[in-house]
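Engineer: below are the sequence and a predicted model for it; my questions follow.
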Amino acid sequence: MFEVAERLKNVKISASSAMTRKVRELRAQGVKIVGLSSGEPDFPTPPHAIEAAHKAALAGDTKYPPQDGIRPLKEAIRRKFKRDNNLDYAIEEILVSNGSKQIMYDAVMASVNPGDEVIIPAPGWISYADQVTLAGAVPVPVSCPENNQFKLRAADLEAAITPRTKCVVLNYPNNPTGAVCSRAEMKELAQVLLRHPHVLIMADEIYEHLLYDDAEFCSIAEVEPALKERTLTINGASS
């Protein structure tokens, strides 16, 4: 009888994945249902993207790429960060993966040791805590109350940091609440983190363009350049 590794016994089935599977099952039965579990666009891939992939495959661009991504793609990513976020990353600082989830998982496994603490604003994406748990570390949820528009308060961040804190996750615009920190609010969080140089920052910015009303997006590494060396800025093309 096959037994799973001990580390997996503390990891639960993703609730969002279970909901997505249930939606597929109901749709296969003819049920009209709106799925709100996965952050996936409800429109098809643009035809020009499909055509570009087709042409690349026909041209023989089907071999193993460099592990950190092909240079033309990394150069495009660099231009994007400079244009949209006022962040200038060297080509060597850019890594390409199969998705933002893989980047976050790899980052946790590469930087977090058993017993370390990772601060996770709550409500938050459910996979953050599971990734931390799988690494043998301790997820530390910090409540982001509705009366603060579900945003992390600087005082609460300060109170959650201990000598064992290895990382803090910042996800704005937030999944699932849609909360967006203003530049002033992000600056307050940055001031806290400047006082704790042992804390790394994982900035999940995959929903950068999902903004409504008069909300404006900002990256913590751009708001406070002194934190850039400690910040892993995560973005992607799927949203």
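Structural biologist: Happy to help now that I have it.
Engineer: centroid residue for this protein?
Structural biologist: residue 204 (3.0 Å; CA atoms, centre = their mean).
Engineer: return the residues in contact with it.
Structural biologist: 100, 104, 125, 169-171, 234 (CB atoms under 8 Å, 6 or more residues apart in numbering). For every residue, glycine as well, the C-beta is placed using N, CA and C.
Engineer: just the buried ones from those residues?
Structural biologist: Buried by 16 or more other CB atoms under 10 Å: 100, 104, 125, 169-171, 234, out of those.
Engineer: compute the number of surrounding residues for residue 72.
Structural biologist: 8 (other CB atoms under 10 Å).
Engineer: which SSE is it in?
Structural biologist: helix 71-85 (DSSP states H and E).
Engineer: returning to that earlier point: now for the buried ones among the contacts of residue 204: which two are most distant?
Structural biologist: The largest distance within the buried ones among the contacts of residue 204, taken as CB to CB, falls between 100 and 170 and amounts to 13.5 Å.
Engineer: looking at the contacts of residue 204, which are in helices?
Structural biologist: Judged by DSSP state H, the contacts of residue 204 include 100, 104 as members of helices.
Engineer: if we can go back for a sec, any buried residues in the helix holding residue 72, and which?
Structural biologist: By 16+ other CB under 10 Å, the buried positions in helix 71-85 come out as 74, 77-78, 81, 85.
Engineer: dump these to TSV, plus pLDDT and distance to residue 151.
Structural biologist: Formatted as TSV, those follow (pLDDT from 0 to 100; distance: CB to CB, whole Å):
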residue	pLDDT	distance to residue 151
74	96	32
77	96	28
78	97	30
81	97	24
85	96	20
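Engineer: low-confidence regions, the protein specifically.
Structural biologist: The chain contains residues with pLDDT under 70 at 1, 239.
Engineer: how about the strands in it?
Structural biologist: 117-122, 138-143, 165-171, 200-204, 231-234 (DSSP state E).
Engineer: so residue 68 touches residue 96, yeah?
Structural biologist: Yes - in this structure, residue 68 is within contact of residue 96 by CB atoms under 8 Å, at 6.3 Å.
Engineer: could you dump the buried ones among the contacts of residue 204 to TSV with distance to residue 208?
Structural biologist: Listed next are these as TSV, based on distance: CB to CB, whole Å:
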residue	distance to residue 208
100	11
104	16
125	15
169	16
170	13
171	11
234	10
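Engineer: quick check, nearest of the residues you listed to residue 213?
Structural biologist: Among those, and counting by CB to CB, the member closest to residue 213 is residue 171, at 19.2 Å.
Engineer: for the spatially closest residue to the closest one that is not a sequence neighbour, give its distance to residue 163.
Structural biologist: Leaving aside its sequence neighbours, residue 171 sits nearest to residue 204 (CB to CB, 6 or more residues apart in numbering; 4.2 Å). Distance of residue 204 to residue 163, computed by CB to CB, to the nearest Å: 25 Å.
Engineer: again, but for residue 15
Structural biologist: Distance from residue 15 to residue 163, by CB to CB: 32 Å.
Engineer: please tell me I have it right and residue 154 contacts residue 186.
Structural biologist: No - applying CB under 8 Å, one finds residue 154 not in contact with residue 186, separated by 9.8 Å.
Engineer: give me the more crowded residue out of the two.
Structural biologist: Higher neighbour count among residue 154 and residue 186: residue 186, with 24 against 16, using other CB under 10 Å.
Engineer: thank you, goodbye.
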